[in-house]
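only geometry, no sequence info:
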């Protein structure tokens with residue numbers, strides 16, 4: 001019997017690569033997607049389509065009620081989405097307060113309930129400058145807590161924690177993944193904007209890998 005693992009799966013490039021990596025490593029993957037009131041809900045629809053195609057037991061959990069507690073981010077409040085690269089100070093407005101601690105806690109609870117001992121999520125080095133809950137210090141501390149929070153210890157696995165999105169894409173391309181089956185843009189419109197930090201980093205990753213992004217862009 002395959003070992004069960006829970007994958008926090010947003011529908012974006014990173015979690016898509018993590019999901020497929022776990023599948024290729026032979027795990028029985030249980031993808032878990034959260035609707036926390038984010039603007040870019042298009043990624044949730046993308047996640048549904050991908051998991052349905054793969055025949056996976058996918059859960060989309062509505063936690064939009066907590067949105068009222070997570071204000072002040074341009075992803076959850078009526079604040080303009082900043083444009084530019086993640087290295088810029090303005091991108092700090094996309095930080096959602098305590099998001100990954102909340103999502104990981106829920107995923108750990110789900111893992112315990114189904115007898116899984118690992119939770120995967122797609123933190124990577126490109127997020128370290130802006131997002132405290134994607135840094136190694138956070139992952140290591142959360143991992144320590146998740147070992148003692150329940151009778152059954154759960155390991156938090158971030159396979160790309162010390163790698164960039166460029167390296168994540170390279171790994172995914174090696175696996176033969178189709179990145180038209182992902183959504184990255186913070187603006188959930190019909191086409192990707194090409195200007196927000198998420199789009200900028202995605203386009204850079206494709207360019208550095210000598211590839212053309214299969215998504216359509218407004219610009």
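Good, I have the coordinates. Computed from a predicted model, the values in this text were never measured in an experiment. Numbering: from 1, shown residues only.

what about the longest strand in this protein?
Scanning the chain for the strand with the most residues, using DSSP state E, yields strand 28-35.

which helices and strands does that one pack with?
Counting contacts by 3 or more Cβ pairs under 8 Å, 6 or more residues apart in numbering; DSSP states H and E, strand 28-35 is packed against strand 4-8, helix 13-24, helix 42-54, strand 59-62, helix 99-114. All C-beta spots, glycine's among them, are computed from the backbone N, C-alpha and C.

mean confidence for the fourth one?
Mean pLDDT, computed over strand 59-62, is 96.

so what touches the longest strand of the chain?
Here strand 28-35 makes contact (Cβ atoms under 8 Å, 6 or more residues apart in numbering) with 1-11, 19, 22-23, 41, 44, 47-48, 51, 56-64, 103, 106-107, 110, 114, 116.

and the gap between residue 214 and residue 111?
In this structure, residue 214 and residue 111 are 32 Å apart, going by Cβ to Cβ, to the nearest Å.

between those two, who's got more neighbours?
Under the criterion of other Cβ atoms under 10 Å, the comparison of residue 214 against residue 111 puts residue 111 first, with 24 against 11.

residue contacts, the closest residue to that one other than its chain neighbours?
Leaving aside its sequence neighbours, residue 111 sits nearest to residue 6 (Cβ to Cβ, 6 or more residues apart in numbering; 4.5 Å). Residue 6 sits next to 29-32, 107, 110-111, 114, 116, 118-120 when contact means Cβ under 8 Å, 6+ apart.

list the contacts of the nearest residue to residue 180 once chain neighbours are set aside.
Of all residues beyond its chain neighbours, the one nearest residue 180 is residue 214 (3.8 Å), with distances taken as Cβ to Cβ, 6+ apart. With contact set as Cβ under 8 Å, 6+ apart, residue 214 has these partners: 178-180.

selecting buried members of those in PyMOL, what would you type?
In PyMOL syntax, the buried subset of these is picked out as below (16 or more other Cβ atoms under 10 Å):
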select buried, resi 179
